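# model this:
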Amino acid sequence: GRPQGESLQLLLRRSREAKNCAYCPYSHFPVGAALLTASGEIFSGCNVENACHSLGACAERTAIQKAISEGHTSFRAMAIASDMGDDFIVPCGGCRQVMREFGTDWDIYLTKADGTYIVKRLEDLLPQSFGPEDLKK
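Numbers count the residues shown, from 1 in each chain. Predicted coordinates for the structure are as follows:
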């Protein structure tokens, strides 16, 4: 199920902390993500830019790759944080597709700089998506 209480606050806090580690000298747009696995572990990530822009990595993908490199492939939720003032941060299309690789039935917490958030299901952020099961058709 959905993280609640202290578990949710920890997930949100870890996304904000990850944002503080972002390497973004070109965009000056720090993003942090915290990923909650099915077993209850949290993996965080930040965006890492590169002078060759296409070689940069988004915070969401960094968190997912860290979790996978530690043997986790089942996820319950992800929180994403940025310094955007009036708008909720949303994952890019590429990140949505990478998230989709691991199912559509998990929550994405989109936050504002003031700590407020909304929750979206991944299936709502990427409707009619293409996933691993489609390769078997």
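# Regarding the protein, what is its longest helix?
The helix spanning the most residues in the chain, taking DSSP state H as the definition, is helix 5-19.
# Show me what that helix packs onto, helices and strands only.
Applying 3 or more Cβ pairs under 8 Å, 6 or more residues apart in numbering; DSSP states H and E, one finds that helix 5-19 contacts strand 31-37, strand 42-46, helix 59-69, strand 75-82, strand 107-111. To be clear about C-beta, it is placed using only N, CA and C from the backbone, and glycine gets the same treatment.
# can you list contacts of it?
2-3, 30-34, 36, 40, 42, 44-46, 59, 63, 77, 79-83, 109, 111, 115, 117 (Cβ atoms under 8 Å, 6 or more residues apart in numbering).
# ok so C95 is a helix residue?
Yes - judged by DSSP: H, G, I helix; E, B strand; the rest coil, C95 forms part of a helix.
# Just give me the neighbour total for it.
C95 has 25 neighbouring residues, counting by other Cβ atoms under 10 Å.
# Find the residue closest to it in space, skipping its chain neighbours.
E60 (4.1 Å; Cβ to Cβ, 6 or more residues apart in numbering).
# My guess is that neighbour contacts I80. True?
Yes - the criterion here is Cβ atoms under 8 Å, and E60 meets it with I80 at 6.4 Å.
# Residues in contact with both of the two, list them for me.
Listed as contacting both E60 and I80 by Cβ under 8 Å, 6+ apart are V31, A33, P91.
# is it possible to export those residues to CSV including distance to S54 and pLDDT?
Converted to CSV, the shared contacts of E60 and I80 look like this (distance: Cβ to Cβ, whole Å; pLDDT from 0 to 100):
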residue, distance to S54, pLDDT
V31, 17, 98
A33, 20, 98
P91, 18, 97
